[in-house]
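Q: For reference, the sequence and a predicted model appear below.
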Amino acid sequence: MEDKRLAVVTGGNRGIGFEICRQLALKGVEVILTSRNQDGGVKAVEKLNISGLTNVVFHQLDIKDPSSIACLAKFIETRFKKLDILVNNAAEVGIIIQDQEEFRTGGGFVSISLYKS
Ligand SMILES: NC(=O)c1ccc[n+]([C@@H]2O[C@H](COP(=O)([O-])OP(=O)(O)OC[C@H]3O[C@@H](n4cnc5c(N)ncnc54)[C@H](OP(=O)(O)O)[C@@H]3O)[C@@H](O)[C@H]2O)c1
């Protein structure tokens, strides 16, 4: 059996994310199109499936919700047992300060998301 590569695309229901899903699927990659909004994601997958790209499936994902992330991880583990490509397209503006006290004294870990969606 052919071992297809598997991709997850966040924010795949519209815009750049949707086009990334389409391009990956055209190249024969198995795509999990994820979106925060269930209806928008299902409709986006239907659109791709109708155009002949049957190698795209939907799974709900809100990148800010840990339980939603865990649910997607379980789905991938159970159904595909691997992940080859992760396209982190959906993004939020924000700064995460890991340790408030360390940050105040000049240390600590800071994570900055540059793009806004
Ligand atoms: N377009 C540009 O010119 C441009 C330039 C530089 C960088 N970017 C970056 O490229 C990415 C895509 O841009 P775009 O123009 O295609 O954006 P877009 O049309 O606004 O689409 C953003 C996507 O991200 C999803 N999203 C937002 N918050 C989310 C969350 N918490 N969990 C899961 N999905 C979430 C949205 O889902 P919902 O439908 O549920 O809101 C939507 O599918 C963004 O990160 C953007 O900042 C875009």
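A: Yep, it's here. Remember, predicted model here, so these are calculated numbers, not experimental data. Residues are numbered from 1 along each chain as shown.
Q: only C-alpha atoms for contact and neighbour calcs from this point on.
A: Fine.
Q: which residues of the chain fall in strands?
A: Assigned by DSSP state E, the chain shows strands spanning 6-9, 30-35, 56-60, 85-87, 94-97, 110-113.
Q: rank those strands by pLDDT, which is bottom?
A: The weakest mean pLDDT among those belongs to strand 110-113, with a mean of 48.
Q: Now stretch 56-69 - C-alpha only, CSV.
A: The C-alpha coordinates for stretch 56-69 follow below in CSV (Å, rounded to 0.1, in the frame of the first residue of the first chain):
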residue,chain,number,x,y,z
VAL,A,56,-9.0,16.1,2.4
VAL,A,57,-10.8,15.5,5.7
PHE,A,58,-12.0,17.9,8.3
HIS,A,59,-11.3,18.1,12.0
GLN,A,60,-12.2,20.9,14.4
LEU,A,61,-9.3,22.8,16.0
ASP,A,62,-9.1,26.0,18.0
ILE,A,63,-5.4,26.7,18.5
LYS,A,64,-6.1,28.4,21.8
ASP,A,65,-8.1,25.6,23.3
PRO,A,66,-5.9,22.8,24.9
SER,A,67,-8.8,20.3,24.9
SER,A,68,-9.4,20.9,21.2
ILE,A,69,-5.7,20.4,20.5
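Q: Give me the neighbour count for residue 44.
A: The tally of other residues near residue 44 (other Cα atoms under 10 Å) stands at 23.
Q: That one against residue 15, yeah?
A: No: at 10.7 Å, residue 44 and residue 15 do not qualify as touching, with contact defined as Cα atoms under 8 Å.
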